[in-house]
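1. Mind looking at a prediction? Sequence and model below.
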Amino acid sequence: MTAIDVSRNRPSELSRAQARTGYLFVLPTAVLYLTFVLAPVVVTCILAFAYFDPMLGSHWVGFDNFARFFSDRRSLQILSNTLRFTFFAVTFNVAIGLVLAIALNRMMPSWLLYFFRLSFFLPVIIAAAFVSIVWSYLYGDDLGVINYYLRLIGLPGVRWLTDADQAMTSIIIMDVWKNTGFFMIIFIAALQGVPKAIIEAAVMDGTPAWRQFVRITLPYISPVVFFCIVYASIGALQVYESIVILTQGGPGDTTRSLSILIVEEGFGSFQIGYAAAISVVMTAIILVITAIQQLLSRRWVQQ
Amino acid sequence: MNTMMQTRSAKRIIDWAIIACMMLLAIGMLLPFLWLFSMSFRSVSDAYKMPPSFLPPSLDLTNYWAVLNSKVPFIRIYANSVMIAVVVTIGQLITCSLAAFAFSRLKFRGRDAMFFILLVGLMFPAQVTILPIYLGYARTGLVNQPMGLALMYLTSSFGVFLMRQFMVSQPKALEEAALMDGAGYIKIFWRISLPQLRPALSALGIITFTQTWNYYFQAKVLLGKQDQMTLPLAMDVLRGYLGAGNLSVVMAAMSLSILPVVLLFLIAQKFVIEGITMSGIKN
């Protein structure tokens, strides 16, 4: 029973007042959500099956847009770029976030904790568009700050953004620097939720720290780990501005992502139906990942 | 007993060694920010001189004046960013707390179904809604209008979810008492629930402001003209406009652009962290 319920005395009048207020309070959100989320999603799904041109006329094309996406070598490369970025960015963001949280989950003065939270969380709250510009200078070939220090200690400079084999790695490095603090914060809270009594009992029994972690802590925080993986994946699949600013999708197409392709096709070449189909593919991937997480976490929780 | 003491002091040493390592790492995380802030005080001719600075070499504001006087209408763009972020933040505080009150305190038909449908929205990326929104905006003249960008974010699934999570964890005794005294639901919401919600409102307000301040993809699609831009877009334009030589000026613009978010975070770190963990953990 979650609602305020004193309605037993005057049932009809009060519950009607509740319903009226309920609908009234939900109305603004419902209207905006319908207009700017649900309706657009439905329209995008419809557009994905059309050739859309408001001037010269539109027509249905069935699955042609999807067929084009999955048969074109360039778009498949872009899909694989995006999945590769997602896999590595998610893995490192979540894993490093967890390691940092474990490192910080110990007694320390509160000002120190404030400082740690500040420095690891600051990159999270600054726009990717801003930090990418900063990193574009740090990553410079000849005038870059990182290469300056590499050369200072006698190492050759790295072509961070202009080498086709390196560029994606450089974007992932920046992404992990930017986002891992978010997961650290979530994991710190999750670790503090692990019952102290269980850990202390394990310590008394002389259980080694590594086994304590695998046997007690990890199962306990596993729902949070799943949440973080899904959350990170949804974000990573949409990667856009960091790539636009650092490499413009290059060298060649080696760092181009689905979001960049959607903007290029939809707003550059006005292939609206095709762009809609690409965004439907992206959303489908997100739905599949979320569904897998729901299944897995239900299993884990039951055990 | 003696060995116990020894392991305990060994543990303290390990603790402090880890903290020292984390300290170095934390400073490393801050270096890009120290660099950008320091570079904004370098003279343009020294911009690319090595070694780079991580502390301001002087407090010369020339580069800041150059930003304000550049061909890019920086003040106008700054005002756009502030306006959009403020409108969206206030809008979400209102719409999300109203909806959260309904979802957590009132009973009506279809309530749980509506809440579920709203949560599904957390999974839809901006990419899958932007094409129809653009087409609709093009027809109604909202393209290239900063308020058009604000309009589409006046509510959010995340905001409603966050506020509802918080409300569910709050006691209802006061609200029930007020109801017995014959107060209406609107009055109860305004007088009793909202004041209790202050921490959640702060968290949502800060998160929403920051998120809106940082939008890029949506802004890039909807706002093309310089006069109508927001700061994340303008930074890229500024970089191209000023050319490679004016790194210092770009960094001055950058310092000004990240200032509100950094200040907000320094002042209200607690609320941001609480809000984020609240939504992440209890999912």
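-> Received, thanks.
2. Quick one: distance of stretch A:104-113 to the chain centre.
-> 28 Å (CA atoms, centre = their mean, to the nearest Å).
3. Which residues does it contact?
-> Residues external to stretch A:104-113 that are found in contact with it (CB atoms under 8 Å, 6 or more residues apart in numbering or on different chains): A:116, A:184, A:188, A:191-192, B:15, B:18-19, B:22. Just so you know, the C-beta spots here come from the backbone N, C-alpha and C atoms, and that holds for glycine as well.
4. can you do 10 Å?
-> The set of residues external to stretch A:104-113 that reach it, using CB atoms under 10 Å, 6 or more residues apart in numbering or on different chains, is A:115-117, A:120, A:184-185, A:187-192, A:194, A:217, B:11-12, B:14-16, B:18-19, B:22-23, B:26.
5. Filter those residues down to the buried ones, PyMOL style.
-> The buried residues among the contacts of stretch A:104-113 can be selected in PyMOL (16 or more other CB atoms under 10 Å in any protein chain shown) with this line:
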select buried, (chain A and resi 115+116+117+120+184+185+187+188+189+190+191+194+217) or (chain B and resi 19+22+26)
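6. Find the nearest non-adjacent residue to B:L223, please.
-> Once flanking residues are discounted, B:L223 sits nearest to B:M229: 5.4 Å by CB to CB, 6 or more residues apart in numbering or on different chains.
7. Count the residues that sit near B:A85.
-> By the measure other CB atoms under 10 Å in any protein chain shown, the count of residues near B:A85 is 24.
8. what is the mean pLDDT for the strand or helix carrying B:S104?
-> Assigned by DSSP states H and E, B:S104 belongs to helix B:74-105. If you average the pLDDT over helix B:74-105, you get 96.
9. can you tell me if it touches chain A.
-> Yes: counting by CB under 10 Å from any CB of the partner chain, contacts between helix B:74-105 and chain A involve B:91-92, B:94-105.
10. list the buried ones in the following helix or strand past that helix?
-> As assigned by DSSP H and E, the chain's next helix or strand after helix B:74-105 is helix B:111-120. For helix B:111-120, the neighbour count (16+ other CB under 10 Å) marks B:111, B:114-115, B:117-118 as buried.
11. helix or strand right after helix B:111-120?
-> helix B:127-140.
12. name the helices or strands packed onto that following helix?
-> If you count contacts as 3 or more CB pairs under 10 Å, 6 or more residues apart in numbering or on different chains; DSSP states H and E, helix B:127-140 packs onto helix A:39-47, helix A:258-263, helix A:272-302, helix B:146-151, helix B:217-222.
13. Go again with 6 Å.
-> For helix B:127-140, the contact count by 3 or more CB pairs under 6 Å, 6 or more residues apart in numbering or on different chains; DSSP states H and E identifies helix A:39-47, helix A:272-302 as packing neighbours.
14. now the ones you listed in TSV, with mean pLDDT, mean neighbour count and distance to chain B?
-> Below are the helices and strands packed on helix B:127-140 laid out as TSV (pLDDT from 0 to 100; neighbours: other CB atoms under 10 Å in any protein chain shown; distance: least, CB to the nearest CB, whole Å):
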stretch	mean pLDDT	mean neighbour count	distance to chain B
helix A:39-47	96	19	4
helix A:272-302	88	18	4
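15. Quick one: closest of those helices to B:L34.
-> For those, the distance to B:L34 is smallest for helix A:272-302, at 36.3 Å, taking CB to CB.
16. Can you give the distance of the closest one from its chain's centre?
-> 12 Å.
17. Against which helices or strands is that helix packed?
-> With contacts defined as 3+ CB pairs under 6 Å, 6+ apart, helix A:272-302 has these neighbours: helix A:39-47, helix A:64-71, helix A:218-237, helix A:258-263, helix B:127-140.
18. Out of the ones you listed, which is closest to A:S80?
-> For those, proximity to A:S80 was assessed by CB to CB; helix A:258-263 is nearest, at 10.4 Å.
19. quick check, the closest one touching chain B?
-> Yes: counting by CB under 6 Å from any CB of the partner chain, chain B is contacted by helix A:258-263 at A:259, A:262.
20. contact partners of that helix?
-> Residues outside helix A:258-263 that contact it (CB atoms under 6 Å, 6 or more residues apart in numbering or on different chains): A:78, A:82, A:238, A:240, A:249, A:275, A:278-279, A:282, B:127.
21. Show the average pLDDT along it.
-> Throughout helix A:258-263, pLDDT has a mean value of 96.
22. Ok, stretch A:131-147 next?
-> For stretch A:131-147, the per-residue pLDDT averages 91.
23. when you scan it, is anything in it near chain B?
-> Yes: using CB under 6 Å from any CB, stretch A:131-147 reaches chain B at A:133-134, A:143, A:145.
24. In a markdown table: these, plus neighbour count.
-> As requested, those are arranged in a markdown table below (neighbours: other CB atoms under 10 Å in any protein chain shown):
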| residue | neighbour count |
| --- | --- |
| A:I133 | 23 |
| A:V134 | 23 |
| A:L143 | 15 |
| A:V145 | 21 |
